[in-house]
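Q: Build the 3D model from these lines:
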Amino acid sequence: MNTVGPFMDSRLLIVDVAALGWELVRQHGLEVKGLDFAPAETVFPAVTCTVQASFRTARPPAEHGMIANGLYFPALRKVMFWEQSAGLVVGERIWSGVRGRRGKAGVLFWQQSMGEDADVLLTPAPIHKHHGGMIQDCYGRPEWLYREMRGSLDEPFKLQWYWGPLAGARAGDWIVRAVSFVLGDPRLAPDVCLAYLPTLDYDLQRAGPGSEKAAKAVEALREQLDYLLSAADRTGYEVIVFGDYAIAEVTRPAVRPNLALRDAGLFHTRTVGGRLYPDFHTSRAFAVADHEIAHVYVADEADVEPARQVLANTPGIAEVLDAGGLAERGADHPNAGQLLLVAEDGGWLAYPWWTRKKQAPDFATHVDIHNKPGFDPCELFFGWPPMSVSQDTARVRGTHGRAGAERRVAWASTCPLGGEPASLLDLAGMVRTLLDEAP
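A: Take a look at the predicted model:
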């Protein structure tokens with residue numbers, strides 16, 4: 001059996017559970033045999049891509065550059081969300097020591113994993129057909145991985161389980177079976193394997209963390225973690241589980257910073273077919289909204305203060321951080337905006353800049369995560385007409401992005417780590433040490 005560290009005589013499975021907040025664990029009494037959960041502070045901004053990039057590099061956003069789920073590329077004048085290239089995350093991976101000793105690393109369903117420096121990879125990668133429709137598929141390494149896994153599991157992975165109005169626990173059900181397949185196949189069986197479970201994310205955003213739907217999602221997660229721990233025990237893996245962020249109850253109306261900037265003449269649009277599309281080529285300032293935070297990009301230094309004043313006077317915005325504030329939070333990377341907005345507790349930041357439904361760009365009524373220049377949780381709800389998604393921001397009942405003591409996440413380990421981490425960065429550093437010290 002492989003040895004990955006001085007405290008272990010087995011391989012290591014690391015599971016990122018979306019939205020596994022410490023208060024959620026306490027509120028719903030999540031108990032999993034073999035796991036004793038404890039609290040830790042998360043990374044700021046507390047959003048998926050940022051936290052995952054921080055964990056796999058054990059570095060803050062100021063160093064790895066994944067400052068949100070979406071990035072603005074100035075040379076292209078384009079906002080791009082959920083891009084999957086591993087090259088977007090800068091920094092040595094916590095598993096590099098394992099691979100340096102010819103051990104194997106696996107990364108399953110983590111963001112920015114395509115092209116990752118790992119031996120086993122699996123991530124959703126559908127083909128969008130030219131005239132509409134989609135070919136469901138996953139990107140895998142080795143090349144045969146998804147084909148054989150799909151046959152073994154008797155069904156393909158379906159993207160509608162993973163995001164959109166039909167997303168739910170079925171995504172996690174399939175993923176835990178896929179992880180079990182990887183751990184148990186001697187051709188694969190990585191020495192360290194990172195997996196992602198999105199089960200809690202959907203209904204906590206739809207209905208809030210205190211809802212009956214949230215309680216059912218927690219129960220589904222409990223069953224999935226039981227399944228994973230059983231698979232890990234059979235195949236000789238220790239397990240570390242951590243939450244990436246804590247979802248808070250939405251109690252305030254959504255804030256629209258781009259509408260405020262447009263009203264002030266700083267954000268520009270172009271009208272096409274009566275619909276308002278963003279013009280990033282001429283806009284003086286615009287916000288890339290992402291749950292409770294938004295990076296604000298300002299084309300000219302002279303417009304930073306006018307934009308700051310507009311946004312500071314916008315109800316529902318708690319903080320407008322400048323370069324100094326970004327540095328204090330560990331998020332001062334060139335990819336960051338000149339300003340960073342933080343919503344008031346109980347509120348969130350929505351990307352729309354229009355006031356009438358008929359002005360909405362065509363992508364607003366569809367699940368279109370790559371074209372929308374901001375995260376849109378309304379995609380979790382059906383809208384009208386049929387086959388569209390909602391534009392009603394009032395339906396969203398849970399959000400995340402803020403960090404601090406009130407937004408701690410939960411973590412647990414089946415093996416000793418040599419200490420109690422105060423934060424996810426501490427936990428990632430301990431894992432790196434654990435892996436580096438393997439003989």
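Q: Let's verify F286: helix, strand, or coil?
A: Three-state call for F286 (DSSP: H, G, I helix; E, B strand; the rest coil): strand.
Q: Wait, it touches L259, no?
A: No. F286 is beyond contact range of L259, at 11.0 Å (criterion: CB atoms under 8 Å). Just so you know, the C-beta spots here come from the backbone N, C-alpha and C atoms, and that holds for glycine as well.
Q: who's more crowded, these two?
A: Taking neighbours as other CB atoms under 10 Å, F286 and L259 compare with F286 leading, 30 against 18.
Q: Give me the distance between the spatially most central residue of the chain and G374.
A: For the chain, the residue nearest the mean C-alpha position is T48 (1.8 Å; CA atoms, centre = their mean). From T48 across to G374, the span is 15 Å (CB to CB, to the nearest Å).
Q: Repeat that for Y277.
A: Distance of Y277 to G374, given as CB to CB: 14 Å.
Q: neighbour-wise, which of the two wins?
A: More crowded of Y277 and G374, by other CB under 10 Å: G374, with 24 against 17.
Q: so what's the more buried one up against?
A: Going by CB atoms under 8 Å, 6 or more residues apart in numbering, G374 touches 70, 79, 81, 258, 287-290, 294, 350-351.
Q: Tell me who's in contact with P60.
A: Residues near P60 by CB under 8 Å, 6+ apart: 43, 54, 330-331, 425.
Q: can you do 7 Å?
A: 43, 54, 330, 425 (CB atoms under 7 Å, 6 or more residues apart in numbering).
Q: Equivalent analysis for R93, please.
A: 56-57, 117 are the contacts of R93 under CB under 7 Å, 6+ apart.
Q: Most neighbours among those residues, please name it.
A: Highest count within the contacts of R93 by other CB under 10 Å belongs to R56, 30 neighbours.
Q: Can I get the strand or helix carrying that one in CSV? Just the C-alpha atoms.
A: Using DSSP states H and E, the element containing R56 is helix 48-57. As requested, C-alpha coordinates have been extracted for helix 48-57 and formatted as CSV (Å, rounded to 0.1, in the frame of the first residue of the first chain):
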residue,chain,number,x,y,z
THR,A,48,-16.1,28.2,-5.8
CYS,A,49,-13.2,29.0,-8.2
THR,A,50,-11.4,31.2,-5.7
VAL,A,51,-11.5,28.8,-2.8
GLN,A,52,-10.6,25.7,-4.9
ALA,A,53,-7.6,27.6,-6.4
SER,A,54,-6.5,28.6,-3.0
PHE,A,55,-6.8,25.1,-1.6
ARG,A,56,-4.9,23.4,-4.4
THR,A,57,-2.0,26.0,-4.2
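Q: could you give the mean pLDDT of that helix?
A: Averaged over helix 48-57, pLDDT sits at 98.
Q: now for the longest helix seen in the chain, which elements pack on it?
A: Secondary structure of the chain read by DSSP state H shows that its longest helix is helix 212-235. The contact analysis (3 or more CB pairs under 7 Å, 6 or more residues apart in numbering; DSSP states H and E) places helix 212-235 against strand 11-17, helix 169-184, helix 201-207, strand 237-243.
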